[in-house]
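Colleague: what's the 3D shape of this:
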Amino acid sequence: MSRLQRVFLIGACILFAATIYSLFFLKPVFIIIFMLLHSMCLFSFCYMCYSDQTDKELSLKTYHQEVGMEIAEKEKEIGEITGQVKERDGIIERISSQMETLRSRSKSFKEENETLLTRIHSLEEEKRNKELELARMREQWKDKEKETGEKKESRDFGALLPPVKEGTDGRETVNIISIANQAKNSLLADAKAANLHITVSSATDTLLVNADQGRMMTLFRNIIDNSIKYMKRAGSLVITISTIGDDIFIVLKDTGEGLPKEETKYIFELNYQGSNRISGNGLGLAQARAIVEYYGGTIYAKSTMGSGMGIYIQIPAGGKV
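Modeller: This is a model prediction of the structure:
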């Protein structure tokens with residue numbers, strides 16, 4: 001159907017609808033006008049269809065003539081094909097060349113596969129090295145406990161520990177990774193203002209501990225807030241959470257100015273103010289230490305001036321994923 005035929009057909013439909021509408025809502029003169037216009041459009045459409053049919057019959061006759069000519073040409077081509085058979089040797093040679101190209105590509109794919117396997121082995125070796133590093137960290141925590149000679153059970157945490165929900169004992173199975181992300185999101189505005197980019201990194205989405213969710217949130221918020229306060233330049237804070245055996249290890253490492261090594265060992269003491277004091281009462285990190293040790297964990301820090309601050313936490317895992 002041509003474009004003009006579609007125009008007449010659509011016009012006839014619209015005018016027919018207008019005629020029906022005018023029967024109920026318009027004066028008789030509009031009924032007559034719409035009916036005449038509808039008839040004219042319909043007649044024009046039918047006439048064009050008839051004209052097209054005539055043209056198609058002529059085209060069909062011409063088509064038959066052209067087919068006859070094509071048949072004659074095909075018969076001529078059949079004779080030419082006989083001569084083309086002699087070219088098969090050349091075709092076979094081209095096919096052989098293509099097969100050689102395919103063999104070359106296959107060899108290239110094999111080399112790429114070997115490269116990928118080498119990369120996989122490298123990543124596995126890197127994973128083993130990280131596991132060994134975490135194991136060394138675990139031993140360091142044990143050595144720290146021996147050096148202090150303190151028993152966690154005998155410490156009084158009551159004054160520093162945040163309160164828990166009424167009717168609970170401060171121990172429930174919570175997802176430490178989810179809590180870390182919540183603490184990060186709650187301080188995003190302050191971190192952005194301090195040009196601090198915070199990242200939570202873990203190989204899994206769920207690691208469980210037996211602790212109070214509010215206290216764990218306070219732990220992360222206090223340490224993140226400490227990094228925000230003392231960055232003094234654009235940088236990052238990476239929170240890495242992993243597990244070895246029955247322990248969860250949390251490393252919070254920022255790229256701020258840090259503290260002198262001789263001051264770092266005192267930052268978890270209550271009311272301690274270092275040489276880089278800005279504001280606050282020295283409660284945040286002391287409270288973080290109280291929370292960690294209350295739940296049977298250990299916490300310590302490493303820092304040197306200009307190299308940022310790293311806070312390392314070990315806490316017993318709890319529950320099953």
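
Colleague: sec struct for residue 217, please.
Modeller: helix (DSSP: H, G, I helix; E, B strand; the rest coil).

Colleague: quick one, what contacts it?
Modeller: Contacts here follow Cβ atoms under 8 Å, 6 or more residues apart in numbering; on that basis residue 217 touches 179, 182, 183, 186. No exception for glycine: its C-beta is placed from N, CA and C like everyone else's.

Colleague: is it true that the first one touches residue 218?
Modeller: Read that as residue 179. No. Assessed by Cβ atoms under 8 Å, residue 179 is found out of contact with residue 218, at 9.9 Å.

Colleague: number of nearby residues for residue 249?
Modeller: Neighbour count for residue 249, taken as other Cβ atoms under 10 Å: 19.

Colleague: and the closest residue to residue 297 other than its chain neighbours, what does it touch?
Modeller: What sits nearest to residue 297 in space, not counting adjacent residues and going by Cβ to Cβ, 6 or more residues apart in numbering, is residue 315, at 3.4 Å. By Cβ under 8 Å, 6+ apart, residue 315 lies in contact with 176, 209, 211, 247, 248, 250, 292, 295, 296, 297.

Colleague: Give the burial count for the second one, as a bare number.
Modeller: What it means is residue 209. Residue crowding around residue 209 was assessed by other Cβ under 10 Å; the count is 23.

Colleague: My read is that it contacts residue 317, right?
Modeller: Yes. Under the criterion of Cβ under 8 Å, residue 209 makes contact with residue 317 at 6.1 Å.

Colleague: Return every residue with contacts to both of the two.
Modeller: residue 248.

Colleague: can I assume residue 252 is in contact with residue 225?
Modeller: No. Residue 252 is not in contact with residue 225 according to Cβ under 8 Å; the separation is 11.4 Å.

Colleague: Comparing these two, which residue is more hemmed in?
Modeller: residue 252 (24 against 17).

Colleague: Can you classify the more buried one by secondary structure?
Modeller: strand.

Colleague: what's the burial count for the closest residue to it other than its chain neighbours?
Modeller: Nearest non-adjacent residue to residue 252, counting by Cβ to Cβ, 6+ apart: residue 311, 4.6 Å away. Look at residue 311: counted by other Cβ under 10 Å, it has 25 neighbours.

Colleague: What separation is there between residue 163 and residue 285?
Modeller: In this structure, residue 163 and residue 285 are 19 Å apart, going by Cβ to Cβ, to the nearest Å.

Colleague: who's more crowded, the two?
Modeller: Neighbour comparison, residue 163 and residue 285: the larger count goes to residue 285, with 22 against 9 (by other Cβ under 10 Å).

Colleague: Let's see the pLDDT reported for that one.
Modeller: pLDDT recorded at residue 285 is 91.

Colleague: So what touches the helix or strand hosting it?
Modeller: Taking DSSP states H and E as the criterion, residue 285 maps to helix 284-294. Helix 284-294 is contacted from outside by 152, 155, 157, 160-162, 170, 211, 215-216, 218-219, 222-223, 225-226, 267-272, 298-299, 311, 313, 315, using Cβ under 8 Å, 6+ apart.

Colleague: can you tell me which of those residues are in strands?
Modeller: Among those, the members falling in strands are 211, 298, 299, 311, 313, 315 (criterion: DSSP state E).

Colleague: farthest pair in those?
Modeller: Of all pairs drawn from those, the greatest distance, 17.3 Å, lies between 211 and 311 (Cβ to Cβ).

Colleague: Now the helix or strand containing residue 178: buried residues?
Modeller: Counting by DSSP H and E, the element that carries residue 178 is helix 176-186. With burial defined by 16 or more other Cβ atoms under 10 Å, the residues of helix 176-186 counted as buried are 176, 177, 178, 179, 180, 181, 182, 183, 184.

Colleague: Residue 222: neighbour count?
Modeller: The number of residues packed near residue 222 is 19, by other Cβ under 10 Å.
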